[in-house]
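Undergrad: show me how the following folds:
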Amino acid sequence: MDTTLDPRPVYQRALDQLEKLFAAVTPDRMTRPTACTEYDLRALLSHTVGGIHRIAYVGEGGRSEDVPAWIEPVADDAWPAALGRARVRVTTAWSDDEKLERIASVPWGELPGRFALGGYVMEATTHSWDIAQVVAPEAALDEHLAQVALAIAEQTLPTDPRGGEVPFGPVQPAPADADVYTRLAAWLGREV
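TA: Here you go, the predicted structure:
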């Protein structure tokens, strides 16, 4: 699927995947580390839901920089509901086709809404992998999502420099026979 045409269907597919993973979250895992090393599971869930609210705010006409990339504390058993509220908001915010052409302000620049939302496809898909490593390492993740996210990452994120304004670590090596999620994680600086 080419997210330059309309990223909304693939973003909804990424949210479907997140919903399944959030349903597997249990309170006893909240302080476990994640592959996104700056976050434990609780902080990563907050960042992930916050990112959905952030791109919803962009769809509503705001600048992503004006809202935090996390949400207020959520009870350990209330993450699926928090994700559900964010999903309703983002779906409503991006329902108008004209928003795909409107210039949007996101952390990586000002660009047409379709490209801004495409970046959040990469974000939601990557964090699905991060979350799955903690809550359901055996889960079969949607390979198509990872293919789309990896294509976005390779087109938009330089291999060098990383860090600072490019909030990813250096590209990590991945085995030659690695699946697409492992390649995506490695491209975004996760040790795989």
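
Undergrad: where does the protein have low pLDDT?
TA: Low-confidence segments of the chain, defined by pLDDT under 70: 1-4, 162-166.

Undergrad: could I get the full set of helices for the chain?
TA: With DSSP state H, the ranges of helices along the chain come out as 8-23, 41-59, 79-93, 113-135, 143-156, 180-187.

Undergrad: quick one: contacts of the last one?
TA: By C-beta atoms under 8 Å, 6 or more residues apart in numbering, the residues outside helix 180-187 that reach it are 35, 125-126, 129-130, 141, 143, 146-147, 149-150, 153-154, 157, 171-175, 178, 192. Yep, even glycine has a C-beta here, placed from its N, CA and C like the rest.

Undergrad: dump it to PDB, keeping only the CA atoms.
TA: Provided in PDB are the C-alpha atoms of helix 180-187 (Å, rounded to 0.1, in the frame of the first residue of the first chain):
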ATOM      1  CA  VAL A 180      10.900  -7.400   8.100                       C
ATOM      2  CA  TYR A 181      10.100  -6.400  11.700                       C
ATOM      3  CA  THR A 182      13.700  -7.200  12.800                       C
ATOM      4  CA  ARG A 183      15.000  -5.200   9.900                       C
ATOM      5  CA  LEU A 184      12.800  -2.300  10.800                       C
ATOM      6  CA  ALA A 185      13.800  -2.400  14.400                       C
ATOM      7  CA  ALA A 186      17.500  -2.500  13.400                       C
ATOM      8  CA  TRP A 187      17.100   0.400  11.000                       C
END
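
Undergrad: please renumber so the chain begins at 356
TA: From this message on, residue numbering opens at 356, which makes the last subject helix 535-542.

Undergrad: residues of it that come out buried?
TA: Under the neighbour-count criterion of 16 or more other C-beta atoms under 10 Å, helix 535-542 has 535, 536, 537, 538, 539, 540, 541, 542 buried.

Undergrad: hmm, back to that, tell me which of the helices of the chain lies nearest to residue 458.
TA: helix 468-490 (7.6 Å; C-beta to C-beta).

Undergrad: what's the closest one packed up against?
TA: Using 3 or more C-beta pairs under 8 Å, 6 or more residues apart in numbering; DSSP states H and E, the elements in contact with helix 468-490 are helix 363-378, helix 396-414, strand 458-461, helix 498-511, helix 535-542.

Undergrad: at 6 Å instead, please
TA: For helix 468-490, the elements it packs on are helix 363-378, helix 396-414, strand 458-461, helix 498-511, judged by 3 or more C-beta pairs under 6 Å, 6 or more residues apart in numbering; DSSP states H and E.

Undergrad: got the contact list for residue 494?
TA: residue 487 (C-beta atoms under 6 Å, 6 or more residues apart in numbering).
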